[in-house]
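Peer 1: all I have is the shape, not the residue letters:
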């Protein structure tokens, strides 16, 4: 169980954006986050960036985790960043993982995306990253 000094669990939205129909990794991450004491909203497959951000706003999440294997990461992440800024959600972490080349990871981080996790990353590391980021950046 994650130690959380706040009066509620950390809330994370896990989403699959676009036509990518493979969600095994996203479901494993969602389960790991739940097991760590976080509240997880899993959107399921074939979400648009607008759907993801609207759900994140309605659910008052601390973090959005995008699982992407389709190669659309250089479109999807910047669109999500633009939408959360437009909606005044600047204190929400945008993170994710999947098949993303190292050069693209660096570019996305420079644009404001948080840590990006390649396949095989320990779920313990992902839980720690989200927990630490939320404790440092979110005000409850």
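Peer 2: Happy to help now that I have it. The structure displayed is predicted, hence computed values, not measured ones. Numbering: from 1, shown residues only.

Peer 1: wait, what's in contact with residue 129?
Peer 2: With contact set as C-beta atoms under 8 Å, 6 or more residues apart in numbering, residue 129 has these partners: 95, 114-115. For every residue, glycine as well, the C-beta is placed using N, CA and C.

Peer 1: surely residue 96 forms part of a strand?
Peer 2: Yes: counting by DSSP: H, G, I helix; E, B strand; the rest coil, residue 96 is part of a strand.

Peer 1: thinking again about what came up before, out of the contacts of residue 129, flag the one nearest to residue 67.
Peer 2: Nearest to residue 67 among these: residue 95, at 10.4 Å, using C-beta to C-beta.

Peer 1: which residue, other than its chain neighbours, is closest to that closest one?
Peer 2: Spatial nearest neighbour of residue 95, chain neighbours left out: residue 114 (4.0 Å); criterion: C-beta to C-beta, 6 or more residues apart in numbering.

Peer 1: ok, that neighbour touching residue 97?
Peer 2: No: assessed by C-beta atoms under 8 Å, residue 114 is found out of contact with residue 97, at 10.7 Å.

Peer 1: of these two, who's got more company?
Peer 2: residue 97 (23 against 19; other C-beta atoms under 10 Å).

Peer 1: okay, the more buried one and residue 124: tell me how far apart.
Peer 2: Here the criterion is C-beta to C-beta, to the nearest Å. By it, residue 97 lies 14 Å from residue 124.

Peer 1: if we can go back for a sec, please identify the helix or strand for the residue nearest to residue 95.
Peer 2: Under DSSP states H and E, no helix or strand contains residue 114.

Peer 1: okay, buried residues for the worst-scoring helix or strand of the chain on mean pLDDT please.
Peer 2: Every helix and strand in the chain was compared by mean pLDDT, DSSP states H and E; the lowest is helix 24-35, with a mean of 93. Taking 16 or more other C-beta atoms under 10 Å as the neighbour-count basis, helix 24-35 is seen to contain the buried residues 25-26, 29-30, 32-33.
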